[in-house]
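K.L.:
here's a sequence, model it:
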Amino acid sequence: MLLIVMFVALPFMSHAGGLGIAAIVALTGLLGIIGFWPGHLKDFLLRVPLAFWAIMGLLIWATLSVFWSAYHSDDILNNAIKMLFGMPVYLGCAAMMRAQNKYAPNILPKLLVVALFGSITAILIDLMSNYSLTMFLDPLAEGESMARRQGDMIQNVSHAVSVLTLLAAPVSVLLWHKGWPGKVFAVIIIALIGFCTHKANASAAQIGLIVALVFMALANFKPIFALRGAFIMAGVCLLFAPVLAFVSGKLSPEIRTKLPFSWEERVFNWDALYQKILEHPFFGHGFDAVRTFHDTHTIRGYEGRALVSLHPHNAGLHLWVEVGFVGVALACLGLFLGVRQLTSADVLSKPQMIATTGMCAATATMASLSYGVWQDWWWAVIIFAAASISLVQRSL
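P.N.:
Alright, predicted model coming up:
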């Protein structure tokens, strides 16, 4: 019943900026862990994939880095603690989805498709009507600025579009193997998600969707090769992120001014982080230290713009700056162990490999162009999207 509530709530949670997704996925996972607590804990822990322990190692290292970070939070439940304890809880939700799908294999996939269509509908209503749906459900409070609310609404819908993009691969593959009506709906879903990314001007999601489709097309012919390629791409984006920062600093002013404004800001952002990485390349500046980089600059006539925002809009650079090579190595180890297990015999069927490839490619692309590493809603969405692959049928 809790899973049904979670799927029904998905369009509302994603439309609210995705922030509610972390809460509902965590609640579902926590109750799932309590309800399915294994009798033989030692045997259970031995069956946990090695990739999980590598990622937990990254989160533990990130939590320890709080001690040498210039950023300090008075919150007991700070971002580091949220991430450290959130990861296993989110995975508890994934385990529950997989277990329940075995007992009722026709319910959750249908709910996922309906939830996705519901989310697409809500996003399109807002994008086509100047956010009338959001304003109807959440009117301006007394004294609230419309200009500020406008910025929040744009960001929230952009997050919701990112949720759609991560779910595009598993849902389209799920539908594709349901006969010709399913193929038609799969094409419609991809087209609608693409239209949403365009209308929302969500360039990172737009590129992520395109990259996912390219990798999925390759996976249809070479599933193991494509799946490994998607994970290698993710690892390269993390490991060689400083190269991106270095190259950003070498771009001429003429090239920079030809870029869209948001992309030019990214270039300045990445360039500034290159020197920060060189200062502490092995251990990094510490968790959330990017928040303490307060240098400003003038860009296209706008004065006082932050040279480095709250996060670098690049997962690799974010890890390099805050947790250094140690953190990046742990992340890459998690990717290596993960793809090694996923490409083992009988772990994933071909349809599931195609879905996993697309979802991994979209995640790696968007993480390299948009969100910060320590955003708990982003981790929750990634794990939820990955868990939805278990709803894809195993046979053609």
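K.L.:
what ranges does the stretch 1-150 of the chain have for its helices?
P.N.:
2-15, 19-35, 41-47, 50-64, 79-103, 107-128, 132-137, 146-176 (DSSP state H, counting those that start in this stretch).
K.L.:
what comes up buried for the shortest one?
P.N.:
When burial is assessed from 16 or more other C-beta atoms under 10 Å, helix 132-137 yields the following buried residues: 133-134. Every residue, glycine included, has its C-beta placed from N, CA and C.
K.L.:
so what does that helix touch, helix or strand wise?
P.N.:
Under the contact criterion of 3 or more C-beta pairs under 8 Å, 6 or more residues apart in numbering; DSSP states H and E, helix 132-137 touches helix 107-128, helix 146-176.
K.L.:
swap in the fourth one?
P.N.:
In this structure, helix 50-64 packs against helix 79-103, helix 315-342, with contacts taken as 3+ C-beta pairs under 8 Å, 6+ apart.
K.L.:
between those helices, which one is closest to residue 54.
P.N.:
helix 315-342 (3.7 Å; C-beta to C-beta).
K.L.:
name the next helix or strand downstream of the closest one, please.
P.N.:
helix 350-367 (DSSP states H and E).
K.L.:
next, the angle helix 146-176 makes with that next one.
P.N.:
160 degrees (axes from the mean of the first three to the mean of the last three C-alpha atoms, to 10 degrees).
K.L.:
give me the distance from helix 350-367 to the chain's centre.
P.N.:
Averaging C-alpha positions (C-alpha atoms, centre = their mean, to the nearest Å) puts helix 350-367 11 Å from its chain's average.
K.L.:
which regions of this protein lie under the pLDDT threshold?
P.N.:
1-2, 17-19, 35-46, 104, 394-396 (pLDDT under 70).
K.L.:
coming back round to it: and among the helices of the stretch 1-150 of the chain, the most buried is which?
P.N.:
helix 146-176 (a mean of 22; mean count of other C-beta atoms under 10 Å).
K.L.:
now that helix against helix 2-15, angle please.
P.N.:
130 degrees.
K.L.:
next SSE downstream of helix 146-176?
P.N.:
Using DSSP H and E, the helix or strand that follows helix 146-176 in sequence is helix 179-199.
K.L.:
so what secondary structure elements neighbour that next one?
P.N.:
Short answer (3+ C-beta pairs under 8 Å, 6+ apart): helix 179-199 packs on helix 107-128, helix 146-176, helix 203-221.
K.L.:
buried ones in it?
P.N.:
Counting neighbours by 16+ other C-beta under 10 Å, helix 179-199 gives 182, 185-186, 189-190, 192-194, 196-197 as buried.
K.L.:
follow-up on the earlier one: which of the helices and strands packed on helix 132-137 sits closest to residue 266?
P.N.:
Using C-beta to C-beta, the helices and strands packed on helix 132-137 put helix 146-176 closest to residue 266, at 15.0 Å.
K.L.:
look up how far residue 149 lies from residue 143.
P.N.:
Residue 143 sits 12 Å away from residue 149, going by C-beta to C-beta, to the nearest Å.
K.L.:
whoops, I mixed them up, residue 123
P.N.:
Separation of residue 123 from residue 149 (C-beta to C-beta): 17 Å.
K.L.:
next one: residue 96
P.N.:
Applying C-beta to C-beta, the value for residue 96 to residue 149 is 36 Å.
K.L.:
repeat for residue 340
P.N.:
According to C-beta to C-beta, residue 340 and residue 149 sit 47 Å apart.
K.L.:
what's near enough to touch the spatially closest residue to residue 190 that is not a sequence neighbour?
P.N.:
Nearest residue to residue 190, sequence neighbours excluded (C-beta to C-beta, 6 or more residues apart in numbering): residue 172, at 5.6 Å. Listed by C-beta atoms under 8 Å, 6 or more residues apart in numbering, the contact set of residue 172 reads 186, 189-190, 358.
K.L.:
now, which of those sits nearest residue 268?
P.N.:
For those, the nearest to residue 268 is residue 358 (31.8 Å; C-beta to C-beta).
K.L.:
and residue 349, its phi and psi?
P.N.:
Per-residue torsions, residue 349: phi -80, psi 170 (degrees, to the nearest 10).
K.L.:
how many neighbours does it have?
P.N.:
The local packing of residue 349 (other C-beta atoms under 10 Å) involves 16 other residues.
K.L.:
the one 5 residues further on too?
P.N.:
Using other C-beta under 10 Å, the number of residues around residue 354 comes to 28.
K.L.:
mind checking how far it is from residue 281?
P.N.:
Using C-beta to C-beta, residue 354 is found at 38 Å from residue 281.
K.L.:
do residue 147 as well
P.N.:
Counting by C-beta to C-beta, the separation of residue 147 from residue 281 is 41 Å.
K.L.:
do the same with residue 130
P.N.:
47 Å.
K.L.:
of the two, which one has the most company?
P.N.:
Between residue 130 and residue 281, counting by other C-beta under 10 Å, residue 281 is the more crowded of the two (15 against 10).
K.L.:
pretty sure the more buried one is in contact with residue 324, am I right?
P.N.:
Yes - here residue 281 reaches residue 324: they are 6.0 Å apart, a contact under C-beta atoms under 8 Å.
K.L.:
returning to that earlier point: residue 16 is nearest to which of the helices and strands packed on helix 179-199?
P.N.:
Using C-beta to C-beta, the helices and strands packed on helix 179-199 put helix 146-176 closest to residue 16, at 6.2 Å.
K.L.:
what angle sits between that closest one and helix 19-35?
P.N.:
Counting by the same axes, to 10 degrees, helix 146-176 lies at 50 degrees to helix 19-35.
K.L.:
quick one: helix 146-176 to chain centroid distance?
P.N.:
The answer for helix 146-176 is 11 Å, by C-alpha atoms, centre = their mean.
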